[in-house]
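> got a predicted structure plus its sequence, pasted below:
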Amino acid sequence: MNQWLICVSLLLFTTDVWSLIIKEVAVLRPKLQIVDFNINEIPFGFLTNATIDITIECDKPIRTSKTDLRPTLGLYICPKGIYEVTSKPLQSQCILIDEQDFTDYTITWNHVMKGPGPQFSSLFIKEKLLKNDTDRCRVEALFLNPYGQHLSSDQINIPVLYMALISTWLCGCFLWIVNCWFWAAQFSNILHKMLTLIIFVKFFALTFTCLKWIELSKKGIVPLSVDIPEVTINSSFESLLFLFLMLAAEGWCIIWQQARLVKYYLILTVSYFTMEVCFRYVHRYFQGFAVVFASFMVYLAFKCCTISLTKVRKDLEASAKFVATHHLSFKSKVTLERRLKAQLMMFQFIHGLIIAFPTVLIVIQSIAMFLLEYHEWVTWMLHELIFLSTLIYLGILFRLRNFHEFENIVINPPYHDVIVIKSPKLGTMYLCVKNDEVPVSTVVENAV
């Protein structure tokens with residue numbers, strides 16, 4: 001059941017929420033067909049005094065003479081979701097903003113939203129006159145909310161949200177540096193250093209994501225100098241997080257000095273990273289491959305953590321039986337049982353994280369899909385809080401402490417000093433048994 005839950009969550013996890021701000025497409029008007037073109041497939045949130053600029057350019061003149069009848073195009077604004085179900089005529093469901101006749105190569109609309117109107121809307125261009133020829137035209141649309149804001153009304157708060165996240169994460173990075181370099185640096189191992197790398201990669205990912213939304217807010221497009229690092233760093237963060245979970249679940253640097261399946265981990269991690277980049281830059285079909293590799297990694301981490309838990313439990317039972325059988329005692333404050341219980345608790349926390357992480361993703365994505373469809377800034381906030389909470393959880397679990405006591409467990413040697421004292425009384429002697437610091441005196445009767 002848990003494996004299926006994890007796999008389903010990965011499908012939701014790799015789905016990006018995005019709004020198209022500027023759209024430039026080619027529209028082919030076939031013969032004997034009325035043009036019915038949806039400009040923005042994702043409804044855009046218009047505020048009062050928002051502006052709409054639309055330009056249509058065609059490859060050849062639309063009007064050949066003054067008496068030539070050419071089609072009339074109407075620009076309609078429709079409430080959210082109307083374009084998905086159009087059982088009724090478009091005119092009865094939408095508001096006609098303006099209609100114009102073609103006079104040349106181009107036709108333009110410039111409209112200002114005087115009132116709030118439908119908060120989230122889709123724009124349609126509909127032709128009112130049949131034509132028997134074929135024209136190829138290009139449509140450009142620019143939506144601007146007040147103060148030159150290119151973002152939809154539910155996206156305007158996203159840049160501020162990421163600025164707040166960066167400020168919060170800076171404090172977390174400072175505390176982590178103090179713990180790593182000034183508190184107990186001598187106890188740091190390779191797994192801990194890898195977690196440190198992931199924490200700082202996430203900080204840079206938040207920074208470039210914030211820059212991306214700032215560029216979208218100001219210009220409506222993201223330059224490659226921001227887009228490529230943003231995609232690369234975010235994909236690297238997700239890949240490294242999966243790799244860390246697999247290594248920690250196997251017990252690398254916890255109960256093993258070497259990872260036994262490291263080759264498989266690296267192959268899955270690199271494959272997932274490649275699919276994520278291809279998904280963003282090549283085609284959306286690569287998302288399916290990314291889901292497959294992510295599912296393998298999460299399942300592998302879950303399976304390895306289960307095996308590690310079983311091993312520690314068996315070691316705990318075997319050590320307790322050995323200590324009881326040989327009546328061993330410990331000089332150090334930390335016993336072998338306490339160390340094994342600490343390892344067991346760590347694996348239980350990792351195991352719980354691997355189960356809880358996809359579960360929370362399913363709940364959050366479901367809420368975002370059905371209840372927060374037009375509250376995109378809330379969706380992004382919940383999305384980021386899941387990852388930040390995961391890193392904080394791992395940071396608390398793997399923080400450096402004084403592990404000196406756990407590394408120096410001293411057992412009293414299992415030997416006995418025996419002293420025999422013969423009594424003047426015939427057949428009686430005193431047996432003194434000394435086990436390190438605990439002497440025991442016994443009277444043995446009828447000894448030979």
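That came through fine.

> and this protein, what are its domains?
Domain segmentation of the chain under automatic domain parsing yields 2-15+152-407, 22-148, 415-448.

> now these as a markdown table including mean pLDDT and mean neighbour count?
(Glycine included, C-beta is placed from N, CA and C.) As requested, these are exported to a markdown table (pLDDT from 0 to 100; neighbours: other C-beta atoms under 10 Å):
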| stretch | mean pLDDT | mean neighbour count |
| --- | --- | --- |
| domain 2-15+152-407 | 85 | 17 |
| domain 22-148 | 66 | 15 |
| domain 415-448 | 48 | 11 |
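
> the closest residue to residue 265 other than its chain neighbours: what's it in contact with?
Sequence neighbours aside, residue 246 is the residue nearest to residue 265 in space, at 4.9 Å (criterion: C-beta to C-beta, 6 or more residues apart in numbering). By C-beta atoms under 8 Å, 6 or more residues apart in numbering, the residues touching residue 246 are 261, 265, 268, 297, 300-301, 304.

> which one of the residues you listed is nearest to residue 76?
Distance to residue 76 across the contacts of residue 246 (C-beta to C-beta) is lowest for residue 297, with 46.8 Å.

> double-check that the closest one belongs to a helix.
Yes - per DSSP: H, G, I helix; E, B strand; the rest coil, residue 297 lies within a helix segment.

> so which strand or helix has the nearest residue to it once chain neighbours are set aside?
Nearest residue to residue 297, sequence neighbours excluded (C-beta to C-beta, 6+ apart): residue 242, at 4.4 Å. Residue 242 belongs to helix 224-250 when assigned by DSSP states H and E.

> so the following helix or strand past that helix versus helix 224-250, what angle?
As assigned by DSSP H and E, the chain's next helix or strand after helix 224-250 is helix 262-281. For helix 262-281 against helix 224-250, the angle by axes from the mean of the first three to the mean of the last three C-alpha atoms, to 10 degrees is 150 degrees.

> helix 262-281 packs against which elements?
Packing partners of helix 262-281 (3 or more C-beta pairs under 8 Å, 6 or more residues apart in numbering; DSSP states H and E): helix 224-250, helix 286-326.

> how about TSV for those, with distance to residue 38 added?
Shown next, in TSV, are these (distance: least, C-beta to C-beta, whole Å):
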stretch	distance to residue 38
helix 224-250	26
helix 286-326	23
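
> nearest to residue 54, of those?
Of the helices and strands packed on helix 262-281, nearest to residue 54 by C-beta to C-beta is helix 224-250, at 25.4 Å.

> distance from the chain centre to the closest one, please.
Remark: helix 224-250 is offset 9 Å from the chain centroid, using C-alpha atoms, centre = their mean, to the nearest Å.

> could you do stretch 350-357 as well?
14 Å.

> over to stretch 359-368?
That offset, for stretch 359-368, works out to 12 Å (C-alpha atoms, centre = their mean).

> for it, list the C-alpha coordinates in PDB.
Only the C-alpha atoms of stretch 359-368 are listed here, as PDB (Å, rounded to 0.1, in the frame of the first residue of the first chain):
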ATOM      1  CA  THR A 359       1.400  11.400   1.700                       C
ATOM      2  CA  VAL A 360       1.700  15.100   2.400                       C
ATOM      3  CA  LEU A 361       2.400  15.800  -1.300                       C
ATOM      4  CA  ILE A 362      -0.900  13.900  -2.300                       C
ATOM      5  CA  VAL A 363      -2.900  15.900   0.200                       C
ATOM      6  CA  ILE A 364      -1.400  19.300  -0.700                       C
ATOM      7  CA  GLN A 365      -1.600  18.700  -4.500                       C
ATOM      8  CA  SER A 366      -5.200  17.500  -4.100                       C
ATOM      9  CA  ILE A 367      -6.100  20.700  -2.100                       C
ATOM     10  CA  ALA A 368      -4.300  22.800  -4.700                       C
END
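
> can you tell me the centre-most residue of this structure?
Computing the C-alpha centroid of the chain and ranking residues by C-alpha atoms, centre = their mean puts residue 387 first, at 5.2 Å.

> picking that back up, would you format the contacts of residue 246 as a markdown table with distance to residue 98 included?
A markdown table is the format used below for these (distance: C-beta to C-beta, whole Å):
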| residue | distance to residue 98 |
| --- | --- |
| 261 | 64 |
| 265 | 59 |
| 268 | 54 |
| 297 | 53 |
| 300 | 58 |
| 301 | 57 |
| 304 | 63 |
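
> nearest to residue 374, of the residues you listed?
Comparing the contacts of residue 246 against residue 374 with C-beta to C-beta places residue 297 closest, at 33.1 Å.

> hang on, the earlier thing: and the gap between the residue nearest to residue 265 and residue 188?
Residue 246 sits at a distance of 20 Å from residue 188 (criterion: C-beta to C-beta, to the nearest Å).

> spell out the secondary structure type for residue 156.
Assignment for residue 156 (three-state DSSP): coil.

> same thing with residue 109?
strand.

> my guess is it meets residue 74, correct?
No - in this structure residue 109 lies outside contact range of residue 74 using C-beta atoms under 8 Å: 10.1 Å.

> now do the shared contacts for those two.
Jointly contacting residue 109 and residue 74 under the rule C-beta under 8 Å, 6+ apart are residue 98.

> helices along this protein, start to end?
Ranges of helices in the chain, per DSSP state H, are 2-13, 90-93, 158-177, 190-219, 224-250, 262-281, 286-326, 336-370, 376-397, 404-407.

> distance to residue 125 added to these, as a markdown table?
Shown next, in a markdown table, are the helices of the chain (distance: least, C-beta to C-beta, whole Å):
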| stretch | distance to residue 125 |
| --- | --- |
| helix 2-13 | 34 |
| helix 90-93 | 10 |
| helix 158-177 | 29 |
| helix 190-219 | 24 |
| helix 224-250 | 29 |
| helix 262-281 | 29 |
| helix 286-326 | 30 |
| helix 336-370 | 29 |
| helix 376-397 | 25 |
| helix 404-407 | 70 |
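
> how near is the closest residue to residue 78 other than its chain neighbours to residue 207?
In space, and not counting its chain neighbours, residue 78 is closest to residue 94: 3.9 Å by C-beta to C-beta, 6+ apart. With distances taken as C-beta to C-beta, residue 94 is found 41 Å from residue 207.

> residue 386 now?
Residue 386 sits 19 Å away from residue 207, taking C-beta to C-beta as the criterion.

> please apply the same query to residue 294.
Taken as C-beta to C-beta, the span from residue 294 to residue 207 is 24 Å.

> residue 381 now?
17 Å.

> what's the answer for residue 251, then?
On the measure of C-beta to C-beta, residue 251 and residue 207 end up 33 Å apart.

> also residue 312?
In terms of C-beta to C-beta, residue 312 sits 39 Å off from residue 207.
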